[in-house]
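**Q** My questions are about this predicted structure, shown below with the sequence.
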Amino acid sequence: MAGRKIVWSHFASIKLFRVLDFYTDRNKSTSYSEKIYKQFLQDLSLLDKHPEMGIKTNHENIRGLIVGNFILFYEVTSDKIIVHTLWDSRQNPDDLILK
């Protein structure tokens, strides 16, 4: 099925905002934040045609899409691509919460 809608969970939206806000504050500009957000959306759009592109996780139906230093943990349904969380892979993996 083509045209799945990309949906960010509440938790993923908060994490996304924090990442974008961090880089905007650090760089005193929104240009890098805009660049990584566009890259997230571009890579997520590939999942519509290639839903199993990401790496498998221990959680059924959840895969991880590597985008630069980040991993977007997602689930694909018949009409949606649900982003459950955004993870900076430079963080302690013991702190990762998927759902």
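**A** Nice, I can see it.
**Q** Could you list every helix and strand in contact with the helix or strand containing Leu65?
**A** Leu65 belongs to strand 63-67 when assigned by DSSP states H and E. The criterion is 3 or more C-beta pairs under 8 Å, 6 or more residues apart in numbering; DSSP states H and E, and the helices and strands that strand 63-67 contacts are helix 31-45, strand 55-56, strand 70-76. (Each C-beta comes from the backbone N, C-alpha and C, glycine too.)
**Q** With mean pLDDT as extra columns, can I get those in JSON lines?
**A** Shown next, in JSON lines, are the helices and strands packed on strand 63-67 (pLDDT from 0 to 100):
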{"stretch": "helix 31-45", "mean pLDDT": "96"}
{"stretch": "strand 55-56", "mean pLDDT": "94"}
{"stretch": "strand 70-76", "mean pLDDT": "95"}
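**Q** Out of the ones you listed, which is the most enclosed?
**A** strand 70-76 (a mean of 22; mean count of other C-beta atoms under 10 Å).
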